[in-house]
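Q: curious how this folds, go ahead:
(chains A and B)
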Amino acid sequence: MYDKEKKLVDAYLRGTVSRRSMIKGLGAMGMTAATASVLVNASATRALAQNGFDWKKHSGQTVKLLLNKHPYADALIANLDNFKELTGMEVEYDVFPEDVYFDKVTAALSSGSSEYDAFMTGAYMTWTYGPAGWIDDLNEYIMDPAKTNPDYNWEDVLEGVRKSCAWNGRPGGALGSEDAKQWCIPLAYEQNNLTYNKNVFERAGLSVPTNIDELVETAAAAKAAMNGGYGIGVRGSRSWATIHPGFLSGYANFGQKDLNVSDDGLLSAAMNTDVSKDYHAKWVKMIQDSGAPDWSTHTWYQVGTDVGAGKSAMMFDADILGYFMNGGTAEAGNLAFAPFAANPDAAAPTPNIWIWAMSMSSFSKNKDATWYFMQWVTGPEHDLFGAREMDLVNPARSSVWADEMFRDKLAASYPGYVEMHDVSAPGASIKFTAQPLFFDLTTEWAATLQKMVAREVPVDEGLDQLAASVDAQLKDAGLG
Amino acid sequence: MRHTSTFERVLRGTAITLVILFFMFPIFWIFLMSFQTNETILRVPPSVVFQPTFSNYAALITGKLETAAGSLEINFMRNLWNSLFLSTASVAVGLLLGIPAAYAFGRLKFRGSEDIAFTLLSFRFAPPLLVLLPLTIYFQKLGLADTYFGLIWVYQLIVLPLILWIVRGYFEDIPADIEYAYRIAGHSWFATFRKVALPLAGPGIAAAGLLAFIFAWNNFIFALVLASADKQPVTVGALAFVTASGIQYGQVAAGIVLSILPTFALALYAQRYLVEGLSLGAVKG
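A: Predicted structure coming up:
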């Protein structure tokens, strides 16, 4: 970088020049906004290089990553040159589409392949990978000052998100317990809240619902005002992914759990309590009255596409799905965001979360060098770069959420997003019980929901049947 | 000679039209979608009237995809090339190995011939995922993982049994007396195979090659597990348009149109052989 450009970027970082002036200035020097963004972070990287840590220790070494096609991976790739400059290391990567991504990860890990040193993963998946011995406990790196730079600031990662990536490997063991192993480190995460079409709400004179009863009523009123569309988008396919977003977030808000854990560590079904039955009944009625006509096929894609195309008035799903749908769609700019606590007596929302994180392969032959990459990509500098300049939303670090530039960016185009996050974040964590049958039992839960919505089984009876089946499977697996 | 009534002809015409509509409409709709933006595709209700755009094809060819979440890099043309190379090379190798083997199984009865032929066919029975994990381990040890050579080898699991069993049937349908007559005239076994058996089974070989090509083209799992991103075929590459920030329906449609073109062109070209091949051995009056 030339001196003139360097000085301009440094002045911007000191706060003496505005972002607009800096980009304008760099533009005059022949640089695009994207290049300017990377340069801004290059300056932050230079500061990082001076923190006394031996960043060049693994210079000349190469790490290979397996990445999912996702805006988080795009942010990583966009900033990679700064890492290379900081460490003198090379980084290779393979990007696979999300539909097949976890097949690729499972095949690589289960065959003991040493091709990939680190990979993107969801926290739920580490409940399989960790106990199988496919990934390393990252605590031994994080806690070792010889391996981790002094500015890493692990405690800066939001507590609920950080703990959701740690498990002791015992079925039913609490996430983030004292003896938990840190199977992955968050890149960014999604909370489940309301995204609504403010034009539809304004036209129909609707106000944002604040509990499950209001949600059911508002969805029905919105459907009546939608002229062919429907009131609320929630997922419905026969998959674990139907339970984990809005549904479980509301369910947990009533203090309900998926499984009970006895004192001797045995698991049993917990979804057929009276409170659970009442919540299920309302959820089922909401879908029957105001959900998508083809709800039972709806996944992330259909829920998001419909709210973006103006086919649904709102959705109770991942906040970042609403974030993506608020640009480049028919309803771009018309979507707004609100926190949602299903229980009228709850103090705040308790969103279940999905986390995209990085894990280290136990088969890597280059673990210390891989950790250098991992601490950089999950560190404060990259997180801030991704949040400010790319779509690394929601960042997992509290320092990034405190950054005014990032908050201003969100506030300008995503009404209610910052407030929604601030209200929800303290209660945001994974609400499932960590155990090896997670995917099987949760998929069966979704199948039961489908039967209830299709009126094949009454809610009470369906939940009793589900609980009996879950108990039997847990017993068979020696867990119950 | 039997005469068909007007009513019968109308009924037959209507039935054929309905069948064509049923099978062709999805392809026609995908073709239309490939010239639309996501916004026009997703409008309610859908319409066939729209302002056509070539942006989807341009995105695929230039490798830059503009989405709500910004600009994404895509390698669709690379995927298309991989599919073309892997399928063509696999079928070529499959024909080279499969035709002589099919001739041997069809003509020369030897001890264990049926067992060997059945064993080769049984490669088609095993679910690919079952064999892929041990294969991955072997491939890593042999240095074949993530190589085109390794993939073409694995693709033989798809194409070789298909070619072998189809072509074997054609060889068996050729009257052996023709070959005997040629041999009596003083020609070698190999010359008989080359000059008599091969030309007579030509349409059958073309049909088998075409089918094997289509099966290889549609394969998904082998390259996904055994190779890295730069060697993925179009079946994996097309999924890149399904992203967390939305499904790019226009690009998906354009991708489908581009990816069916090679097999479509090949099928059109080989149609004559296909019909001949399928009717070979039929009783003629």
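Q: next, count neighbours for A:Gly480.
A: Using other C-beta atoms under 10 Å in any protein chain shown, A:Gly480 has 21 other residues around it. Where C-beta positions appear, they are placed from N, C-alpha and C, glycine not excepted.
Q: three-state assignment of A:Asp440?
A: helix (DSSP: H, G, I helix; E, B strand; the rest coil).
Q: A:Thr329 and chain B: what is the separation?
A: From A:Thr329 across to chain B, the span is 6 Å (C-beta to the nearest C-beta, to the nearest Å).
Q: outside of stretch A:460-477, which residues touch it?
A: A:259, A:266-272, A:276-277, A:280, A:436-437, A:440-441, A:444-445, A:448, A:451-452, A:457, A:480 (C-beta atoms under 8 Å, 6 or more residues apart in numbering or on different chains).
Q: I figured B:Trp153 was touching B:Ala145, is that so?
A: No: shown here, B:Trp153 and B:Ala145 do not form a contact pair, counting by C-beta atoms under 8 Å, at 11.5 Å.
Q: what about these two, which has more around it?
A: Neighbours were counted for B:Trp153 and for B:Ala145 using other C-beta under 10 Å; B:Ala145 has more, 21 against 18.
Q: where do the strands sit along chain B?
A: For chain B, the strands defined by DSSP state E occupy B:64-67, B:70-73, B:242-243, B:246-247.
Q: among the contacts of stretch A:460-477, which are in helices?
A: A:276-277, A:280, A:440-441, A:444-445, A:448, A:451-452 (DSSP state H).
Q: is it possible to mark the buried ones in those?
A: A:276-277, A:280, A:441, A:444-445, A:448, A:451-452 (16 or more other C-beta atoms under 10 Å in any protein chain shown).
Q: hey, least reliable of the strands of chain B by pLDDT?
A: Among these, strand B:70-73 has the lowest mean pLDDT, at a mean of 64.
Q: in the helix or strand containing A:Ala107, what's buried?
A: Using DSSP states H and E, A:Ala107 sits in helix A:98-110. For helix A:98-110, the neighbour count (16+ other C-beta under 10 Å) marks A:98-102, A:104-109 as buried.
Q: who does it touch, helix- and strand-wise?
A: strand A:62-68, strand A:118-122, helix B:128-142, helix B:221-226, strand B:242-243 (3 or more C-beta pairs under 8 Å, 6 or more residues apart in numbering or on different chains; DSSP states H and E).
Q: the third one to helix A:98-110, inter-axis angle?
A: Computed with axes from the mean of the first three to the mean of the last three C-alpha atoms, to 10 degrees, the direction of helix B:128-142 lies at 50 degrees from that of helix A:98-110.
Q: which stretches of the stretch 1-150 of chain A form helices?
A: Here the stretch 1-150 of chain A has its helices, by DSSP state H, counting those that start in this stretch, at A:3-14, A:19-28, A:33-49, A:71-78, A:80-87, A:98-110, A:126-129, A:139-142.
Q: before we move on, what about the stretch 51-200 of chain B?
A: So, for the stretch 51-200 of chain B - with DSSP H, counting those that start in this stretch - the helices run B:55-62, B:76-107, B:113-122, B:128-142, B:148-173, B:176-184, B:189-192, B:198-218.
Q: wait, does stretch B:154-168 contact chain A?
A: No: figure legend: stretch B:154-168 not in contact with chain A (C-beta under 8 Å from any C-beta of the partner chain); closest approach 13.4 Å.
Q: so how far is that stretch from its chain's centroid?
A: Here stretch B:154-168 is found 12 Å from its chain centre; the criterion is C-alpha atoms, centre = their mean, to the nearest Å.
Q: just stretch B:16-30 next, same as before
A: Using C-alpha atoms, centre = their mean, the offset of stretch B:16-30 from its chain centre is 21 Å.
Q: mind listing what's buried in stretch B:194-203?
A: Buried, per 16+ other C-beta under 10 Å, within stretch B:194-203: B:196-197, B:200-201, B:203.
Q: which of these lies closest to chain A?
A: B:Pro203 (37.5 Å; C-beta to the nearest C-beta).
Q: related to what we said a few turns ago, export the helices and strands packed on helix A:98-110 to CSV and tack on mean neighbour count?
A: Supplementary listing: the helices and strands packed on helix A:98-110 in CSV, determined by neighbours: other C-beta atoms under 10 Å in any protein chain shown:
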stretch, mean neighbour count
strand A:62-68, 21
strand A:118-122, 25
helix B:128-142, 15
helix B:221-226, 23
strand B:242-243, 22
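Q: which strand or helix spans the residue of chain A found nearest chain B?
A: In chain A, no residue comes nearer to chain B than A:Gly328, which is 3.1 Å away by C-beta to the nearest C-beta. Per DSSP H and E, A:Gly328 falls between elements, in no helix or strand.
Q: burial check on it, number of neighbours?
A: 19.
Q: try the one 4 residues further on
A: Other residues lying near A:Ala332 total 14 when counted by other C-beta under 10 Å.
Q: tell me how far it lies from A:Phe363.
A: As for A:Ala332, its distance to A:Phe363 is 44 Å (criterion: C-beta to C-beta, to the nearest Å).
Q: next, the spatially most central residue of chain A: secondary structure please.
A: Nearest to the geometric centre of chain A sits A:Tyr189, at 2.6 Å (C-alpha atoms, centre = their mean). For A:Tyr189, the secondary-structure state derived from three-state DSSP is strand.
Q: residue contacts, the closest residue in space to it that isn't next to it in sequence?
A: Nearest non-adjacent residue to A:Tyr189, counting by C-beta to C-beta, 6 or more residues apart in numbering or on different chains: A:Ile355, 4.4 Å away. Contact analysis of A:Ile355 by C-beta under 8 Å, 6+ apart lists A:122-123, A:161, A:164-165, A:184, A:186-190, A:396, A:430.
Q: distance check, the closest residue to A:Ala332 other than its chain neighbours against A:Asp319.
A: Take A:Ala332 and drop its neighbours on the chain: the residue closest to it by C-beta to C-beta, 6+ apart is A:Asn326, 5.8 Å away. Distance of A:Asn326 to A:Asp319, given as C-beta to C-beta: 11 Å.
Q: appreciated, that's everything.
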